[in-house]
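*Asks:* got a predicted structure here, sequence first:
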Amino acid sequence: MNNTKLDFWAKIISVLIFLPLSAFLVQPRYLILPLIALITIFIILKISFRSFLQESKNYIIPLTIGLIVLSSIFSPGHIAGRLTLGLLLSIRFALLISFGIIFSMITNPIEFPSGFIRVGVPHKYGVTLMVGYRMMPLISEKISSIVAAQKSRGASFKFSILRMGLFFKQLFSLIIPILHATLEMSVRLSDALISRGYDPDGKISYPTNKWGFYDYGLTFISLFVFGLSFIK
Amino acid sequence: MKGWATTKLLAVGALAVLDVVIILFSQMLTLSTGISMASGAILIFTEPILIIICLSIINKFGAATIFMAIISLLTLPTTYSGPPGFLPKIIVIIGLGFAIDSIYWLFKKSPKILTALIIGAIVPFWYTYGIIFVGKLFNIPGIDRILNLLPTPVFLIAMLMAGALAGYLGHLSYQKIKNTSVVIRIQGNE
């Protein structure tokens, strides 16, 4: 998978906003257009279909069946019409979910803060998100060490339906040490930022926007498909 | 939202990340046990607990919104609250943060425990009705019938009880840590 070709905002605008919207608004006879756009993204970004299938099968298959069943029960009209309506709705949903999954496959969460900073969102929120993202492995590590310490004191965290109450009681016994460790870590990180002169309301230099051929191309395609959604 | 000190911002971020780590753990639990309710059974308690702790420590309008915004963005590629990359879930989650901030601000002069109970009870409601709102937005067949079924007394009481209990646990947890040096340090930074 090649995910370096697209700019964060090109992905947001095209894959997360205009293409999913057009999949829902477009007339049934034009539904092929968002599908073509989806296939184009697959080819250009060299997304592995196997990993896409792995991510999406748990949603698309039950959703397709569920929507057809729901439509056949609740929609008005003859049974053939209800089934067609259900099928149409499930295709729209499958496209919507596919675009979402593609977005999550080609986007690293660390792109969010820099993307926000670039469009003028106060950097203090972007920095909070960035530091938060970096904190995830540290907090996981801390939780593991707290769990190990509790286990060494005789606690057991094995899940069993018969002893569900005890399981949750054991989990809640971890809250205070985990909370304390998390807050301590946040204070240490904020000290590190402050000591380097970071001011949440001060000015910082912003990275520049550099849109390439693929960014403009994808945005143009998504706008074109979105524009066609309004043709009756 | 002016006047946010770095320490307070990072404390909100750290609590949000802790929630994300718990979300990921609960999803792994669902996968490993095969019990789809396992994840929800943990999150129905942990989420209000962390929100109440965050609000009590920070005590500023916007804390819950930032908290939920971080969660929504970090969990966008996960299956939390909807399929990966599903944009409407960001709106539902951030909306919940704003609603909590507004309630916290409205009940500012009320006893903290009452605020914790109300906020705890609202979280499961918001998620349930948020899903219905998205369903109505996309015109899913039969969504109106589900909407009619939801306000049954058993369902309402179960949601209220679970959420309020979580809010109470959040309040209790805050009482246990409020005098620690780290919390005093965070609260002292304006």
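*Replies:* Here it is on my side, so go on.
*Asks:* do stretch B:171-184 and chain A come into contact?
*Replies:* Yes: applying C-beta under 8 Å from any C-beta of the partner chain, one finds stretch B:171-184 touching chain A at B:Ser173, B:Lys176, B:Ile177, B:Thr180, B:Val182, B:Val183. In short, each C-beta sits where N, CA and C put it, glycine included.
*Asks:* and those residues, which is closest to A:Gly197?
*Replies:* Each of the residues of stretch B:171-184 next to chain A was checked against A:Gly197 using C-beta to C-beta; the closest is B:Val182, at 23.2 Å.
*Asks:* what strand or helix carries that closest one?
*Replies:* Using DSSP states H and E, B:Val182 sits within helix B:181-188.
*Asks:* show residues contacting that helix.
*Replies:* Residues from elsewhere that reach helix B:181-188 (C-beta atoms under 8 Å, 6 or more residues apart in numbering or on different chains): A:His180, A:Leu183, A:Glu184, A:Ser186, A:Val187, B:Thr7, B:Lys8, B:Ala11, B:Ile57, B:Ile58, B:Asn59, B:Ile177.
*Asks:* buried set for it?
*Replies:* B:Val182, B:Val183, B:Arg185, B:Ile186, B:Gln187 (16 or more other C-beta atoms under 10 Å in any protein chain shown).
*Asks:* let me know the closest of these to A:Ile110.
*Replies:* B:Ile186 (25.2 Å).
*Asks:* now do the same for A:Ser186: its pLDDT.
*Replies:* With respect to pLDDT, A:Ser186 has a value of 92.
*Asks:* assign it to helix, strand or coil.
*Replies:* The assignment at A:Ser186 comes out as helix when based on DSSP: H, G, I helix; E, B strand; the rest coil.
*Asks:* so what's the residue count around it?
*Replies:* Other residues within reach of A:Ser186, judged by other C-beta atoms under 10 Å in any protein chain shown, total 29.
*Asks:* for the one 10 residues further on, same thing?
*Replies:* For A:Arg196, the count of nearby residues is 7 (other C-beta under 10 Å).
*Asks:* repeat for B:Ile113
*Replies:* Neighbours of B:Ile113 using other C-beta under 10 Å come to 14.
*Asks:* can I get the CA coordinates of the helix holding B:Val182 in PDB?
*Replies:* Taking Å, rounded to 0.1, in the frame of the first residue of the first chain, the C-alpha atoms of helix B:181-188 are listed here in PDB:
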ATOM      1  CA  SER B 181       0.100  16.000  44.500                       C
ATOM      2  CA  VAL B 182      -0.400  15.400  40.800                       C
ATOM      3  CA  VAL B 183      -4.100  16.500  40.800                       C
ATOM      4  CA  ILE B 184      -3.300  19.600  42.900                       C
ATOM      5  CA  ARG B 185      -0.500  20.400  40.500                       C
ATOM      6  CA  ILE B 186      -2.800  20.100  37.400                       C
ATOM      7  CA  GLN B 187      -5.500  22.200  39.100                       C
ATOM      8  CA  GLY B 188      -3.000  24.800  40.200                       C
END
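*Asks:* show me how far it is from its chain's centre.
*Replies:* 23 Å (C-alpha atoms, centre = their mean, to the nearest Å).
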